[in-house]
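Novice: Sequence and predicted structure below; questions after.
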Amino acid sequence: MIQVQIDWVANPFRGELVAAGWRPAAEAALDYGATSWSFFRSKDDPNDFVQMAAFESKPAFDRYWYSEEISEYQ
């Protein structure tokens, strides 16, 4: 089991776009075998986000991260 943490920093005044736009991509981790996922926004700096997910293995995470679906979000 691996726990993945990805820290995101939005450009100023883009926090709302990142919050709305990336949440579906974070949740899509479940479609690629993740056993859990989360997407947090900092209260101190609304341009800072943390995405977390648990996968059975690194190749399982790679299938998610390098999928065509997720590449469309990036």
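Specialist: Alright, I've got the coordinates.

Novice: could you give me the average pLDDT of the helix or strand hosting residue 16?
Specialist: Secondary-structure element containing residue 16, defined by DSSP states H and E: helix 15-27. Per-residue pLDDT over helix 15-27 has a mean of 92.

Novice: Buried residues, that helix. List them.
Specialist: Across helix 15-27, burial judged by 16 or more other Cβ atoms under 10 Å covers 15, 18-19, 22, 25-26. From N, CA and C alone the C-beta is placed, and that goes for glycine too.

Novice: next structured bit after it?
Specialist: Reading on from helix 15-27 to the C-terminus, the next helix or strand found by DSSP H and E is strand 36-41.

Novice: For the next helix-or-strand element following that next one, buried residues please.
Specialist: Sequence order places strand 48-55 as the next helix or strand after strand 36-41, per DSSP H and E. By neighbour count on 16+ other Cβ under 10 Å, the buried set for strand 48-55 is 48-49, 51-55.

Novice: Stretch 25-37 too?
Specialist: Residues of stretch 25-37 classed as buried by neighbour count (16+ other Cβ under 10 Å): 25-26, 28-29, 32-34, 37.

Novice: before we move on, what about stretch 62-74?
Specialist: For stretch 62-74, the neighbour count (16+ other Cβ under 10 Å) marks 64-65, 70 as buried.

Novice: among those residues, which are in helices?
Specialist: The helices, defined by DSSP state H, take in 64-65, 70 from the buried residues of stretch 62-74.

Novice: now those residues in CSV, with pLDDT and distance to residue 43?
Specialist: As requested, those are exported to CSV (pLDDT from 0 to 100; distance: Cβ to Cβ, whole Å):
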residue, pLDDT, distance to residue 43
64, 96, 27
65, 96, 27
70, 92, 27
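
Novice: Read off the pLDDT value for residue 74.
Specialist: Looking at residue 74, its pLDDT is 67.
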